[in-house]
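>>> got a sequence here, can you build the structure:
(one chain, ligands or ions: 1)
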Amino acid sequence: MKNSNPAELAELLRRTQAAAALTGAGISVESGIPSFRGAHGLWTRYNPMEYAHIDAFLSNPAKVWRMLLELDATIRQARPNPAHYALAELEKMGKLKGIITQNVDNLHQEAGSRNVIEFHGNARRFVCLRCRRTIDPATLDFSHVPLYCSCGGLIKPDIVFFGEEIPPAANRAAFDLAESCDLMLVIGTSAAVMPANILPKAAKNHGAIIVEINLEPTELTRRFTDYFLEGSAGQILTEAVALLAS
Ligand code: NAD
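Below you'll find the model as predicted:
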């Protein structure tokens, strides 16, 4: 692992033909969404096994919706930050083939990124657990939870709870991208959540350079990362993309 900087990242990006990005909660912290584990994070107040496991949702949806309403309010007021826009710009420049995100906040899409693989779903979408219909949130009355579909089924945000599998199409697309990229940007993820944390290893095994951007070293840094940029994703990516464009 080599400690790196935005100028070196710009040079690496100049040489890449097909980069990919894996993003986590850290990239959205500058948009006002705290990471779940960090200070003010949801898991400091809600035990994830009691509030974010599918069995908890099925057995006591009213209780779990208390946490979900808080998450919904936080995500709804958030807007993309410079890191999201920099990745969208890299895609437009033909450098970035796609983003695999563990986030459920829709901010990459709002920033203009087109190929976004939602590894853990999307909290702005809702689904009926009985008829599997996707439901437009504009038609839902969040003052009365839990929410039920016209078929009588329980409605759930379309996010992956603990105990649920990664949507198979997203899982396939993520591994295809990881195994075909020549450089993977790993941004704002502690790389502690399985199976998303296998993706950088898969990319590296297929010859990709691993570039990590984080406020602090992670599980990946010593073992898999080739270039480590310590600092905020917004500042580092903005600087690197500006240098690349100049
Ligand atoms: P994590 O909370 O485990 O780790 C966040 C990482 O981001 C940390 O390593 C931290 O040092 C780093 N970080 C914080 N601020 C940063 C910044 N400004 N720039 C660069 N790095 C920064 O997050 P995770 O690895 O994504 O795993 C958490 C799980 O919770 C994921 O599955 C994710 O889906 C979910 N989650 C999603 C959101 C969201 O949609 N915005 C928010 C919280 C959690």
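>>> CA atoms for contacts and neighbours, from now on please.
Fine.
>>> run the chain-centre distance for the helix or strand harbouring residue 73.
Element membership of residue 73, judged by DSSP states H and E, is helix 61-77. Taking the mean C-alpha point of helix 61-77 and that of its whole chain, the gap between them comes to 18 Å (Cα atoms, centre = their mean, to the nearest Å).
>>> just give the number of residues close to residue 88.
22 (other Cα atoms under 10 Å).
>>> domain map for this protein?
Taking automatic domain parsing as the domain assignment, the ranges for the chain are 1-33+80-120+166-246, 34-77+123-159.
>>> hmm, the longest one touching the ligand?
Think domain 1-33+80-120+166-246. Yes - counting by Cα under 6 Å from any ligand atom, the ligand has neighbours in domain 1-33+80-120+166-246: 24-30, 33, 102-105, 120, 188-193, 213-216, 231-233.
>>> show me which of those are buried.
24-30, 33, 102-105, 120, 188-191, 213-215, 232-233 (16 or more other Cα atoms under 10 Å).
>>> narrow those residues to those in helices?
Assigned to helices by DSSP state H, the following of these qualify: residue 233.
>>> can you show me the CA trace of stretch 171-181 as CSV?
As requested, the backbone C-alpha atoms of stretch 171-181 are provided in CSV (Å, rounded to 0.1, in the frame of the first residue of the first chain):
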residue,chain,number,x,y,z
ASN,A,171,-25.0,-9.3,-7.3
ARG,A,172,-24.2,-10.6,-10.8
ALA,A,173,-23.7,-7.1,-12.2
ALA,A,174,-21.5,-6.1,-9.3
PHE,A,175,-19.2,-9.1,-9.7
ASP,A,176,-19.1,-8.7,-13.5
LEU,A,177,-18.0,-5.1,-13.1
ALA,A,178,-15.5,-5.9,-10.4
GLU,A,179,-13.9,-8.6,-12.5
SER,A,180,-13.7,-6.5,-15.6
CYS,A,181,-12.5,-3.2,-14.3
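>>> narrow the residues of domain 1-33+80-120+166-246 next to the ligand to those in strands?
The members of these that map onto strands under DSSP state E are 213-214.
>>> tell me where this structure has strands.
Assigned strands in the chain, in chain order: 2-3, 19-23, 96-101, 116-118, 121-128, 134-135, 155-159, 183-187, 209-214, 227-230 (criterion: DSSP E).
>>> by contact count, what packs against the second one?
Same thing as strand 19-23. Under the contact criterion of 3 or more Cα pairs under 8 Å, 6 or more residues apart in numbering; DSSP states H and E, strand 19-23 touches strand 96-101, strand 183-187.
>>> can those strands go into TSV with extra columns for mean pLDDT, mean neighbour count and distance to residue 116?
Shown next, in TSV, are the helices and strands packed on strand 19-23 (pLDDT from 0 to 100; neighbours: other Cα atoms under 10 Å; distance: least, Cα to Cα, whole Å):
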stretch	mean pLDDT	mean neighbour count	distance to residue 116
strand 96-101	98	25	5
strand 183-187	98	26	14
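>>> can you lay out those strands as CSV showing distance to residue 37?
What follows is the helices and strands packed on strand 19-23, written out as CSV (distance: least, Cα to Cα, whole Å):
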stretch, distance to residue 37
strand 96-101, 17
strand 183-187, 16
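>>> out of those strands, nearest to residue 202?
Relative to residue 202, the nearest member of those by Cα to Cα is strand 183-187, separated by 10.3 Å.
>>> the bottom helix or strand of the chain by mean pLDDT?
Using mean pLDDT, DSSP states H and E, helix 48-51 stands out as the lowest-scoring helix or strand of the chain, at a mean of 87.
>>> hmm, who's touching that helix?
56-57, 63-64, 67, 162 (Cα atoms under 8 Å, 6 or more residues apart in numbering).
>>> give the buried residues for stretch 133-151.
135, 145-149.
>>> list the contacts for the nearest residue to residue 130 once chain neighbours are set aside?
Closest residue to residue 130 apart from its sequence neighbours, by Cα to Cα, 6 or more residues apart in numbering: residue 153 at 4.8 Å. By Cα under 8 Å, 6+ apart, the contact list for residue 153 reads 128-131.
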